[in-house]
Structures are given as structure tokens and as C-alpha cells.
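Chemist: Here is a sequence together with a model predicted from it:
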Amino acid sequence: MAKSQIKCVIFDCDGTLVDSETLCCQALVQVFASYGAEVCYDQCMANFQGGKMFDILKETSDRVGLKIPMQTLEPRYREYMNHLFSENLKPIPSALETVQHLINNNISVCVASNGSVSKMEYALSLTGMLHLFKNNIFSAFDINSWKPEPDLLMYAAMQMGFRAEECLFVDDTENGVKAGINAGIQTIHFTPLIGQTIDHPLVRRIEHLSELQSISLFA
């Protein structure tokens with residue numbers, strides 16, 4: 001695909017723009033520890049990236065035998081997460097510079113995540129990137145459909161005014177990559193630490209976000 005055909009880059013948020021995955025898993029471990037239940041951090045990192053948080057909390061509660069209503073557990077998790085974010089959240093290296101580079105080259109940018117809009121706005125504001133996306137932040141909660149379903153990415157492309165073939169999607173998780181494939185969108189699997197990706201014609205792997213600034217990426 002030629003560079004001129006890419007008109008919009010859709011970014012995932014957690015783990016792609018902001019270095020939040022470890023903090024989210026820490027919050028998960030801490031909230032269950034507050035109820036006397038032990039949850040393994042390594043298992044969280046291995047199994048829960050890119051999932052719907054409600055389902056992750058419910059699955060973990062069932063596994064550890066904890067009978068806490070979700071309307072109590074989920075807000076408490078968010079409190080732990082927000083505290084960790086406020087103290088420790090950082091942008092992914094070169095995220096701000098890469099997004100600004102795309103904007104400077106007349107490529108539209110937006111964010112599409114399984115998380116809530118308020119969570120994304122909070123994370124992006126803490127890391128100095130919120131102004132780059134303005135109102136172009138789309139949540140699975142908006143349409144009640146979560147990755148790996150394709151609906152969120154198709155919705156984001158439509159809201160931005162582009163066809164799927166004019167978009168590029170960047171995500172760090174397997175669920176995200178599958179969503180890109182399911183939506184028929186060229187997908188970049190951002191994996192700085194993992195040397196494997198899904199083998200598919202629509203998928204390409206990068207190790208550093210600055211690679212998005214390369215013309216060869218769009219060739």
C-alpha cells in the first residue's frame with residue numbers, strides 16, 4: 001500500500017500510547033489483595049492484556065472464590081488504577097513525537113480502545129498527549145462491542161471519515177491485532193518485548209513507535 005493511501009492512523013491506548021499495562025495489572029493484584037485474595041501479577045500480564053476489564057474482574061473473582069458485587073469491585077479497582085496512574089504513568093517512548101510527526105504530515109490520528117473515554121482522557125492528559133487527539137477518542141463502551149470484534153475500528157474509521165483501506169491500526173495486544181484483521185484494516189503489532197506476532201497479510205510488527213515515522217512503513 002502506498003504512503004499516499006494511508007490517511008488515518010488509529011491507535012490503541014494502553015500499552016501503545018501510554019505505558020499502563022503493568023500499572024493496570026498492579027491495580028488488579030492490589031484490589032484483590034485488599035479482599036484477602038492472592039492474584040499472580042505474571043499471570044495477569046500474560047493473560048489479561050487487551051481484554052474487557054469487567055470480564056477480567058469477573059473471571060478473576062470466580063477463580064479466587066471472591067463474592068464481591070461487580071458494582072463494588074470495579075469502582076474500587078478504578079481507584080487503585082487512578083492512584084497508580086497519577087504517580088507512575090508515562091508515555092510509551094517516542095509516542096508523542098510520532099503522533100505529532102503524523103499530524104505534521106497531514107495524517108489524521110485517533111484513539112480506539114476497549115477502555116472508557118474517561119480512562120483514556122485521564123491517561124492521555126497525564127502523559128501530555130490529550131491535545132493531539134482532541135475529540136477523536138473512541139471507546140468500545142460507545143458501541144457496546146469490544147476487541148477482538150471489528151466494530152470499534154470500523155466505527156472509529158467511519159467517525160474519522162475514512163474507509164478501512166485508508167486506515168492503519170496500531171495495537172500491542174493479540175485481541176487488538178485480531179480486531180484489525182477482522183475489520184480488514186492494515187494493522188501494526190507493536191511488540192517491543194515479544195518477538196512474535198500473528199502471521200497475516202494485513203499485519204506487520206514493529207518494536208518501536210518511531211518506526212511509524214518511516215515512509216517504508218506505508219510502502
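Modeler: Structure's in. What do you need? Because the structure is predicted, anything quoted here is derived from the model rather than measured. Numbering: from 1, shown residues only.
Chemist: Show me which helix or strand of the protein is least confident by mean pLDDT.
Modeler: helix 41-47 (a mean of 76; mean pLDDT, DSSP states H and E).
Chemist: where's the residue located most distally from the centre of the chain relative to Leu66, distance?
Modeler: Distance from the C-alpha centroid of the chain peaks at Gly36, with 29.7 Å (CA atoms, centre = their mean). From Gly36 across to Leu66, the span is 8 Å (CB to CB, to the nearest Å). For every residue, glycine as well, the C-beta is placed using N, CA and C.
Chemist: Please name every helix or strand in contact with the longest helix seen in the chain.
Modeler: When every helix of the chain is counted residue by residue (DSSP state H), the longest turns out to be helix 70-88. Using 3 or more CB pairs under 8 Å, 6 or more residues apart in numbering; DSSP states H and E as the contact test, the elements touching helix 70-88 are helix 21-33, helix 53-64, helix 117-126.
Chemist: Give me the contacts around the longest one.
Modeler: Think helix 21-33. With contacts defined as CB atoms under 8 Å, 6 or more residues apart in numbering, helix 21-33 is touched by 14-15, 38-41, 44-45, 48-49, 56-57, 60, 64, 66, 73, 76-77, 80-81, 84-85, 88-89, 172.
Chemist: That helix versus helix 117-126: what angle between them?
Modeler: 130 degrees (axes from the mean of the first three to the mean of the last three CA atoms, to 10 degrees).
Chemist: Okay, domains of the chain per the record?
Modeler: The chain is divided into the following domains under automatic domain parsing: 3-19+90-218, 21-88.
Chemist: Kindly compare burial across these and name the winner.
Modeler: For these, average neighbour numbers computed from mean count of other CB atoms under 10 Å are highest in domain 3-19+90-218, which has a mean of 18.
Chemist: Could I get the average pLDDT for it?
Modeler: Averaging pLDDT along domain 3-19+90-218 gives 93.
Chemist: That domain: how far from the chain's middle?
Modeler: 7 Å (CA atoms, centre = their mean, to the nearest Å).
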